[in-house]
Every structure is written in structure tokens, then in C-alpha cells.
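**Student:** got a sequence here, can you model it:
(chains A, B, C and D)
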Number of protein chains: 4
Amino acid sequence: MIVVMNSGASQAAIDRVASEIERMGGRPHLSRGEFRTVIGIVGEEVTIDQNHLASLDGVEKVVPIMKPYKLASREFHEEDSVIDVGGGKVPQVKVGGTHAACIAGPCTIENEQMLWTIARQVRSGGASMLRGGAFKPRTSPYSFQGHGEPALKWMRACGDELGMPICTEVMDTRQVELVDRYADAMQIGARNMQNFDLLREVGKTNKPVLLKRGLAATVKDWLLSAEYVLSQGNRRVILCERGMKTFEDSVRFTLDISSIPVLHEWSHLPVIVDPSHAAGRREWVGSIAAAGMAAGAHGVIVEVHYNPAEAQCDGPQALLPERFAELMGQLRQIAAIMKKEFA
Amino acid sequence: MIVVMNSGASQAAIDRVASEIERMGGRPHLSRGEFRTVIGIVGEEVTIDQNHLASLDGVEKVVPIMKPYKLASREFHEEDSVIDVGGGKVPQVKVGGTHAACIAGPCTIENEQMLWTIARQVRSGGASMLRGGAFKPRTSPYSFQGHGEPALKWMRACGDELGMPICTEVMDTRQVELVDRYADAMQIGARNMQNFDLLREVGKTNKPVLLKRGLAATVKDWLLSAEYVLSQGNRRVILCERGMKTFEDSVRFTLDISSIPVLHEWSHLPVIVDPSHAAGRREWVGSIAAAGMAAGAHGVIVEVHYNPAEAQCDGPQALLPERFAELMGQLRQIAAIMKKEFA
Amino acid sequence: MIVVMNSGASQAAIDRVASEIERMGGRPHLSRGEFRTVIGIVGEEVTIDQNHLASLDGVEKVVPIMKPYKLASREFHEEDSVIDVGGGKVPQVKVGGTHAACIAGPCTIENEQMLWTIARQVRSGGASMLRGGAFKPRTSPYSFQGHGEPALKWMRACGDELGMPICTEVMDTRQVELVDRYADAMQIGARNMQNFDLLREVGKTNKPVLLKRGLAATVKDWLLSAEYVLSQGNRRVILCERGMKTFEDSVRFTLDISSIPVLHEWSHLPVIVDPSHAAGRREWVGSIAAAGMAAGAHGVIVEVHYNPAEAQCDGPQALLPERFAELMGQLRQIAAIMKKEFA
Amino acid sequence: MIVVMNSGASQAAIDRVASEIERMGGRPHLSRGEFRTVIGIVGEEVTIDQNHLASLDGVEKVVPIMKPYKLASREFHEEDSVIDVGGGKVPQVKVGGTHAACIAGPCTIENEQMLWTIARQVRSGGASMLRGGAFKPRTSPYSFQGHGEPALKWMRACGDELGMPICTEVMDTRQVELVDRYADAMQIGARNMQNFDLLREVGKTNKPVLLKRGLAATVKDWLLSAEYVLSQGNRRVILCERGMKTFEDSVRFTLDISSIPVLHEWSHLPVIVDPSHAAGRREWVGSIAAAGMAAGAHGVIVEVHYNPAEAQCDGPQALLPERFAELMGQLRQIAAIMKKEFA
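**Tutor:** Below you'll find the predicted structure:
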């Protein structure tokens, strides 16, 4: 961490900053420039309170040098983390390192029959995990909000029968215990990426957590949210890039393709991409999925529906089952070039 | 709502769209252009499922015409809403219409003594409500997270003694009952603006809700979140503009000053501005607060601390008590020009 | 400037960085932390090539500490700059410090008669300078592109007769000599803010330059563009905040109100706001103009038209003359509170 | 185009809009809803002035339905355009359809020797065209601005000798004639994407134009800029995605990967990606280039330098020659999956 004093800072102000740094356990290193003094801090960065230093008289700005997260960082854990999802009645699917996974299924679970149909279709098309919404975050209070527990039961039966781990969203701290009972992996949606109480609750379970990137979150913010989960003892976090809010209006969200190599450098956690929510239109889903794999992602999560015109949610972005199977073929080829293999 | 067919859409596809519109209770109006057909929908827009139409064959896009919210709209409620905060032991403070309010206090409540000191300072400086954090949403899991219930008790005592309604943040559905017991107004933070379960819970209370704008939320998204609260029966929503995430990095968040007149046209709900979180530096707080009042806001929420260097949270953006009092004088003058009066 | 080495950087790499710093005229200061070494640079920052250092082996990042501009900075010139516009047949209008100015007129000059009508209306409504487009940057090649030199002649005659300095846009290096011959101030549009050849050309004239902020420019980028003009010898730059491109779609551009206090701290140059292009709708122009003045701007530039429905450009955002006069009354009141006075 | 009247619009206002539509050559279609009237316009959209309609009394908004560009649209030209670059002493390289191209070389041309060295390296590594900056747009006036004409001569000699068409940037209308004399393709930089005079000038030449996307431009804005060039008679435009300005600060610019499939649907023009400027760091360039090809791009433009630490511009993002050759191998494999072939 580096403290930049403003050009008129007094010696007393400089001394105060230095003594505060020492009080917090760091060692200050002064560099006096022609116009201003800069104070470098030697020592463990996490014990130094950046805000406190920024509040002191004469301080112009405080520049952090080390990453603000630890457990999520590549420096803490050099090897790629490989997360196992499933077990028990369903096979374990690995995500991370050279292991890629495809999670597919409907956006929301409209009824039992459609879930079974789509689950069979994605299974035969090449998916290794089943997705589906039992609780749905909807921008409008007047939209369909999901079937809740019955949908979780349908998913569990489907997954067990077809041999696919199941992944579903949890939206509220009060649902964690319930969802944990049924699901093999719990998804935290983009709008809840900084719902810190929810992060802590899923961090207390031992289920893999699929953590979607928030619409306004930088990669650093996102890793700090992962740190919330990790710091509770749950080390099984899979990141999911699903696009950010930008001025571009042709797509719903701008998928940040560069986050994939950035994460690979900064963190050991696996990352998958969600091309469906980013694109918002099925015509563009395939290209974005392929791009994600080429950039080095550890898999994709894709929405599929045999009759998008009857989907209760996000129909326009659902792939048809045949198109999904064809896309999986292409993704396997790209994964091979990037030295990864789909389960 | 308007459905734009793509240029090669068949007559069968056009007919299917028209019949679906009728099934959902609308009346279709076809306009055949040289290149494409456009179908306008006459009737109550909320019953028409935009996503469903967008999923049909041959549809290029669906353009909504009416606002997707209702209870929050100016069309539903023509007069400005005036919200009463407080009552019982503390006086009622009005927010909305010609009534402006200043909510001030520390970011987080570090201990009982500091709260009393600051509460007295903001009271004498001109604040009409007291703010303070008992539960704090922190980007890092390693930062101080607030004192919880004890802090709520200190606030209640302070508010009662000094005659100021108190406003504090609720972060989790499980805290709503507790916070409701102590606070006069409940704040929903920016990172929870689309925590829909939380919105529903506060919507079931009868306490005024201070709804901060999400970092990636458009004005329309924000009004849809207000609609969640309103649709549960709680009609006392105060909006709070606190800045959006943009590429500009001189400030923490870009306060969207134009949201004030836009909201005034689209909605009857009062809106206040939070210059402290937007600026991130006390030197810029005054200018942004003044701008908010000049744009027509119904008040401000400001962080104040007598010793920012010892604040456990956001010290750099806290105003000193004397500067706060001076600013209030200026804000009163601007409010008068805009035909508003501070409580 | 500070060079952060990555955690595995060798001693040889550290030595190489240090010797390169010395070669460029700086003195390196090493701070060895537990995990990484940080090298502070003492000396005049502008002679150090940040990119060069960032390219060296073992360097993780280079953090600039001082501002990258000099002539535009408050440190270089402590007092507010006051720019004189006009002279000769028209009175000099001051902009900056305690002097505020209102520049008003049509977006584009459609014909001679309309210019005279509007010029008289804005003069009597309180404008101190006349704006109008002779060359128009249009997003579509099929839109009206302006009348060119004839429009410049009409403006000159109008300005001389009514006693108002005139301000008009220059879009191309080849037009600078022509526009310089007629105008009292030359505007650089947002889309040309980083047209560096054009900046250099206007920097070689001695006419005041109204430099609009680019749609994707940070405050720092903007001051660097001002530096281009200043470094050619022309010290008369007036900045103009007109909004940035963000995800918010209710307005055309998001006016960054916080740029006003930020600029006041970082630079001595005056800044005015353009509420018309930001809002895109006349209903919202007044609130944004008022906010700009309350934030400390040195004036406004506003589009006015007596018959917006016949404007060839940006009709929806033009104020009617009566509304303009009324707004000027309000702006004068706010300016007085902020210790400024309109010419 | 669709005109939405506000809820209180009078019959006279509706009639006025209808008659204005007819005057401009369109046929109005009225749809009266419960709350508001919507007027669809049948006929050729380009003759209708959207702004004019938006200025009329009682109009709430005007929604364009057709694309605002024509020559750039897929509807105008159904087949993919294939652009030939080069000819004469150098071979013709095709870009578009199934033809992919790699343009590589230094950011800026520092001297003759380095250009020859790098040109040979990228040639043997698999590049089909040579890039290099003779005129450089630099954010700071104090940075190196390029060698100008001598650098153009060096490039020409290099290209002729090695059999590679050359591509270089033109920044100013006054340089077009000069650059046209030497280069096989002219690049318009991101900061000049809406320098309309410059677009017109290159549109009057018959050289291929590499049009980079502006930092704040939507895909639609970008195609409108292409339309400027096309409408002057030059039909040889190659688009280049190089990232947008967003809040994410890990990279220099956020490469918008979804623009590739969006462009493929909306336009017949080829598009390549520039991973170097987007990433800003060589470690991330390969992943972004691979992603671009997987998304369907028609090639890449990459910066290469044998000694990035001595580059005068953008050294940190230049690939080393060996890494470039290795990347080309990977890109060829991905191109094959996407049914494209590198020259």
C-alpha cells in the first residue's frame, strides 16, 4: 500500500501517517519527491486500514498494491482448483484445471413434464449437469416467480434418474437450508453477488457455489464476493461470467471475455460462461459460448427449451435441443485445442 | 407494445403472432411496410407477455410502449406523494412535494458515545432525521460489519431524546422484523436493490422504505424495484439516488443528476440524493448535494463525523460537523428557489 | 510514479528497473515487502516513461502518482483562470472565477432569418454569447450537415449587431482558418475531443476554445486534451461538461455533475455545462442547468428555438424562448448563492 | 418508425403528426389504446425525420424500427462482403466470408531497422499483412507522435519486399492523400470513428478502410460511421472491434465479443478483432484473439515487438515474435472449426 501526500502536506502530517502505519503493524518507507512525499508500506497489507489512512490530514490518496482478497488469489493457492460437483446417487463432475463442464436446462421449471423432457434432451446432447430455476429473481413483481420446493423435488428426481448433478439458484438466506437439501450445487445470481448475508450462509454449507458476476462488479469485486464464501470455510466456488451492464444495447449484457484470462492469472478458481443471459437472443448464444471456451473457460451454462415460445421466462434466449447438441460438438473441439476436456 | 416482424416473416408467422395477442387479451393492429410488418397491440399492456411474443417465429423484436410499473407511475397517482416518517415519541417529518428533509449521521455506529455526539451535532446543524449503520454491507469480508441490535437501541434512544426519526439499513430478510421494531424508516442499500425477497419483506411492513438505486440499475429498473415494495401494500417508498458505476474513476460512483427530473416526470415518489457515497471524498460532497437540490430533489442523506480519521467506515467522505451546518444553510437557500422547504 | 514488481521478480530484474529509472533522470527508492518489492521514483514525473517501465521483466504494474498534465493543473496555476471572449465590435465576456456566462442559440443555423429571430430572443432572455452550428457533426451521413461559411457570416453580423460574442464548432483541421476568421470562440465537439491534429490547430490560434468532454473520456483524459491546446501556446480553454455514455437510457447522455468539483480541485480552467445535449428533452434541461450552476459551473450553453418542431437538428431538446428567459432568472439566483455573477 | 403519443395528447396533435408523416412521404397507421395512441409509419424509413416528429406537440417518443443505415446492412447486401487488400507488387489478401487475415507488426515505427526485423518475424510467424504507425494518436501531447512520411516509405519498401500489403493509420483529412499514396489499407482509429470529415475523405479514395470501433460507440453507431465511408462510393470497409470503455479496470478496454455475431446478423461487412489494445497486457492477448476467432471474426490485428521494453508506445501489450507464431497456430485451428481459413 502506498500513501501519496498532497503537495502542501506538513511534516507533522507526514509524521502522523508514519506513526499510524506503525501502530497498524506496517513499516513506513518515505520517498520525498520534488513536489510531494510518498510513503510506501512494508508488511502484511490486510492489517492496514486503507480508509483510515485516507482520512488523515494531508493525504491525497492511498493506492493498494496487493490484492484485497487472499483465499481466492493465485498467490495463496498456486494450482488450479478443481471442484467436484455431485456424488452419492449421481456421478461426480469435475470443474477446473483441464476439466470442463456443461450445465444445461430450462431457465425456469414450468412443470414436471417439461423438466423431464428437457433434461433428457440436454443429457443426450452432451450436458453433464442439469440447471433449472425453482426460485426466480424477476425484475418485475408481476412476472412468474417459480414453483419453489416442488420444482426442487422434480429436479432431484430427474438428476438421480439421468445421472446428472443438479444446480439451482438460491435467492434468500431463509432458502439456503431447503435448497441445500436438494441441490448438488447452489447458484448465487448476479443481482445477489453482493448480498453478503447470503454469501455467508452458502459459505457455511459444503455445497459447491456457482457465483455469477454482478452486473456492475469489477473482477476484483467479484473475487471479494468469492472471498466471503471461502472465508466461511466453503472452498468450492465456481465463478460464472454472465455479462456486465454497459452502454451497448444490442445484447442484454456485455459478456466480458477478458475476465477469463484475468481470472486465470489472479485466481485459482474455475470460471464458466453463461452465454444465454449475456446474449438475450438464441442466435448469438453459440458464438459467445465458443468464444468463452476459446478464452479458456472451464465450461458453459446454457438455457435450452424445446418450445421457447412457451417458456415462462427468457424464451428468446433458449437454444433448441438440436442446436444445443450441435454446439456441444463444436465446444468439445475448441476445448481440445485449449487442452481441456468436457465431462 | 409493438411487435416488429423480420423482413422475411411468413404470413403464417404473422397470423400466429396476431392470434397469440388476442389470446392474451390484446387487439392486434397490422401495419405492412415495404420491408416488414409491424403489429401494434391495443389494450392493457401488463397482461401481454413480451418474452412470449419475442419467442415466436419471425419476430425480430418487441418494443414496450407503456411503462412496466404501475403503482410507482405518475399516471397511476398524479400528485406528488408526501411520505411521513416518524410519529409517536418523535415528530413526523414529511418528505415529498414541497417538503425536503435532511438525514444525517455517521456511516457506521462505532460506539454509543460517538453516536450521541454526532447526533447532537447534526441536530443542531439542521438535520431532521438521524442515519447510522447497525448492519453494514462491506465489499470485503475482513471489514467491520456493524454492531447489530445494540446499535439499533442506541439509535432509538438518541432519536427519542433529540426528537429525530431514525433511518437505518436492513440487509437480510431475517433482520426485517428486528429493524422494524426500532427504526422509523428502513433503508435498502444499493447492492440489495434487486434482492427481491428483501423488497417483499419490507413491503409487508408499514414503515417508510428508503430505496437506494442499484449501481447498475436504470431509472426503470429502480422503479420496478419500488413496485415490488408498493405491490405488497406498503406505499411509503422514498427513492435515493447515490450514483452508478461508470468508467469515470475520479469519484466512487457517478451521481446521475438527470434521474431527478426524469423521476419527477415518471413517478409520484419523492427522491433524495446521497452525495457522500457518490463522491467518496468530503471535498466534493457539498457541490453534489447542492446540485441535487437544484435539480429538484426532496432532500439529502449525508455522512457526518467529528473525527473522520477514526471512522471505521468511509471516513474520507464524512463531513465535519461545522461544514455540515454551513452546507445546510446553502441547501435551504437553493431549496427556497426550487419552492421546497426543509423540515 | 511507483513500480510494483511481481512476487517472483528476481534481483536482476529489480536492478534493471532501478538503473532504467536513473537513466531517465529519476531516483529509485526500494521498499521490500514480505511478498513483493515496490520502487518509488523521486524526481520530475514527466521525464519518466511509464510504458517503458511497464514493459520491463518482472514488473507487475506502474502506478502514476502525479497528474499527467501540467499546464492545465491547479498546481501549475493556482488562481482560477478567467477567459475573455470577444472584443473589437462586441463586448468582452469573462468566463471563470466569479464570472459566469450563458451561451445560447439554435443547434444548427437553418437560415438567416431564424438566426436573427433566435439571437434577439436569447439576447433579451439574458444570454451573453450566441451559439449556432455552421458545420454539424451528424451520426448519420444522410442528415443535414450545416450551411458552412454563409452561416458563419450570418452569425458574425448577428453578433456584431446585438453585441454578443459568437461561438461555433470547428470539425476539421482544414476549417480552422475559416472559422477563426469569423468566430469569437471555437468549439471542439465531444466526438473530436481526441482528434489530436484538430486540437493542435486550434492551439495555434489565439481564440478561446470551448472543449467539450468526449463521450468516453474521464476527467483526466479531458484535461490531457486541454493540455494539447495549452501546450501549443493558446491558454484560453473553457471546458464544457455535456455528459458521458452510460447504461442509463432515459437521457441521451449522463451529465457527470461531480466533474465540476473535481475539475475545480484539479484545474484552474473554467467549466460550463451543456444540459441540452445531456438531457435530449427540453423538459429536463432546466433542472440539469440549475444543478450545474449549484455544483459550481461557470455558466451554461443552451439550445433555444422558437419552433422546435421545425428545427433541422435536435428539436426535442431546444427550449422555447420564454422558458429560456425564465430559466435564466433562476440560474442568476443560484449563481449568486455560489458567489458567481452572470455577464 | 413508430410514434407514441403521450396519454393526454389531443386529437389535433394526433392529426398534426399524421399529416407531417404524409408530407414526408410515409403513410400513418393509427392504433388507439386505452391510454395512448400509437402511430405506425408505413413506407421508406430514411425519408422520415425522427427528430422532427419527436419535436411535435403531444409526442412522447419515436421508436425507429428499421436500421438507420442501408449500404452497411445485411438486408441491402445479403452475401458476406469479401474485401481484397493489396495488389500490384504485393499479393491480394482477402478478408470476409471464409477468408481470415492476420495483420501484425509494431505499434509505432521507431526506426527503419526495427520495422524490417519485426516485419520479417511476423511474416515468418504467419501474418498476411503488416501494420505499423507512422502517425500516432497519443492521449498526452508529450508522448512520441510518429515519424510521418519517412515511416510510410519504410513500410512500403518492407511490404513490397516481403510480399505483404501494408495497413497504417490516417488521423487527419490533410494526411489522406499522402497515406493513400503509400498504404494498401487505411486505418481509422477508435478516437476518430466519428470524425465525419475524415470518414468522408477516406470514402472518396478506393483503398480498403479498417474502421475501428469508437470507445463509446454502440454497434449501431459504428455501422453508421461505416455508412459514411460507403456512401461516398468506397465499398471496402473492414470493421475492427477493439474494446469499449466500461467500469472494468483490469483491462484497458472491454472487448465486446458479442459484437461479432451481432454484426454478422446486421451487416455484410467483415470484422476483425484487436486483442492488443483491448487487453493492454501481452499475457491476455492470446486468449482474447482466440475468443474473437471462435466468435466468428474474420481475423485479428496484433502488435508484435522483439523487445517490448524498448517500444516507444504500448510495449506492455506487444507479443514476442515466438509467442505470436505459436498463437497463429492456435488461431488457424480455431478458424478451421469456424469454417474459415487464414491467408
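**Student:** okay, now whichever residue of the stretch 51-200 of chain A sits closest to chain D: neighbour count?
**Tutor:** Of all residues in the stretch 51-200 of chain A, the one sitting closest to chain D is residue A:67 (11.3 Å; Cβ to the nearest Cβ). In this view, the C-beta of every residue, glycine as well, is placed from N, C-alpha and C. For residue A:67, the neighbour count with other Cβ atoms under 10 Å in any protein chain shown is 19.
**Student:** contacting residues for it?
**Tutor:** A:73, A:75, A:220, A:223, A:266 (Cβ atoms under 8 Å, 6 or more residues apart in numbering or on different chains).
**Student:** tell me which of those residues is nearest to chain C?
**Tutor:** residue A:75 (6.1 Å).
**Student:** roughly how far apart are the closest residue in space to that closest one that isn't next to it in sequence and residue A:197?
**Tutor:** Using Cβ to Cβ, 6 or more residues apart in numbering or on different chains and skipping residues adjacent in sequence, the residue nearest residue A:75 is residue C:7, 6.1 Å away. Using Cβ to Cβ, to the nearest Å, residue C:7 is found at 34 Å from residue A:197.
**Student:** same question for residue A:126.
**Tutor:** Distance from residue A:126 to residue A:197, by Cβ to Cβ: 37 Å.
**Student:** who has more neighbours, those two?
**Tutor:** More crowded of residue A:126 and residue A:197, by other Cβ under 10 Å: residue A:197, with 22 against 18.
**Student:** for the lengthiest helix in chain A, packing partners?
**Tutor:** Criterion DSSP state H: the longest helix present in chain A is helix A:321-337. Helix A:321-337 sits against strand A:99-105, helix A:112-125, helix A:282-295, strand A:299-303, strand A:341-342, helix D:321-337, with contacts defined as 3 or more Cβ pairs under 8 Å, 6 or more residues apart in numbering or on different chains; DSSP states H and E.
**Student:** again, only this time at 7 Å
**Tutor:** If contacts are counted by 3 or more Cβ pairs under 7 Å, 6 or more residues apart in numbering or on different chains; DSSP states H and E, helix A:321-337 sits against strand A:99-105, helix A:112-125, helix A:282-295, strand A:341-342, helix D:321-337.
**Student:** list the contacts of it.
**Tutor:** With Cβ atoms under 7 Å, 6 or more residues apart in numbering or on different chains as the test, helix A:321-337 has contacts from A:100, A:102, A:104, A:121-122, A:125-126, A:286, A:289-290, A:293-294, A:300, A:302, A:304, A:306, A:319, A:341-342, D:294, D:330, D:333-334, D:337.
**Student:** with stretch A:182-195 instead?
**Tutor:** With Cβ under 7 Å, 6+ apart, stretch A:182-195 has contacts from A:85-86, A:90, A:137, A:152-153, A:155-156, A:159, A:165-171, A:179-180, A:198-199, A:202, A:207-215, A:217, A:222, A:225, A:242, B:137, B:191-192, B:194-195.
**Student:** report the buried members of those residues.
**Tutor:** Buried members of these, scored by 16 or more other Cβ atoms under 10 Å in any protein chain shown, are A:85-86, A:90, A:137, A:152, A:155-156, A:159, A:165-171, A:179-180, A:198-199, A:202, A:207-215, A:217, A:222, A:225, A:242, B:137, B:191-192, B:194-195.
**Student:** in helices, which of those appear?
**Tutor:** A:152, A:155-156, A:159, A:179-180, A:198-199, A:202, A:222, A:225.
**Student:** now, which of these sits nearest chain C?
**Tutor:** Comparing these against chain C with Cβ to the nearest Cβ places residue A:222 closest, at 18.0 Å.
**Student:** ok, for the closest one, nearest residue in space, not its chain neighbours?
**Tutor:** Nearest non-adjacent residue to residue A:222 (Cβ to Cβ, 6+ apart): residue A:213, at 5.0 Å.
**Student:** that neighbour contacts residue A:223, correct?
**Tutor:** No: between residue A:213 and residue A:223 there is no contact, the gap being 10.0 Å when judged by Cβ atoms under 7 Å.
**Student:** what does the pLDDT read for the closest residue to residue A:243 other than its chain neighbours?
**Tutor:** Sequence neighbours aside, residue A:253 is the residue nearest to residue A:243 in space, at 2.8 Å (criterion: Cβ to Cβ, 6+ apart). For residue A:253, the pLDDT comes out at 97.
**Student:** so who does residue A:253 touch?
**Tutor:** Taking Cβ under 7 Å, 6+ apart as the criterion, residue A:253 is in contact with A:215, A:242-245, A:277-278.
**Student:** tell me which parts of chain A are close to chain C?
**Tutor:** Among all residues of chain A, those adjacent to chain C (criterion: Cβ under 7 Å from any Cβ of the partner chain) are A:2, A:4, A:7, A:29, A:31-35, A:38, A:40, A:42-44, A:63, A:65-66, A:75, A:245-247.
**Student:** just the buried residues of those residues.
**Tutor:** A:2, A:4, A:29, A:31, A:33, A:38, A:40, A:42-43, A:63, A:65-66, A:75, A:245-247.
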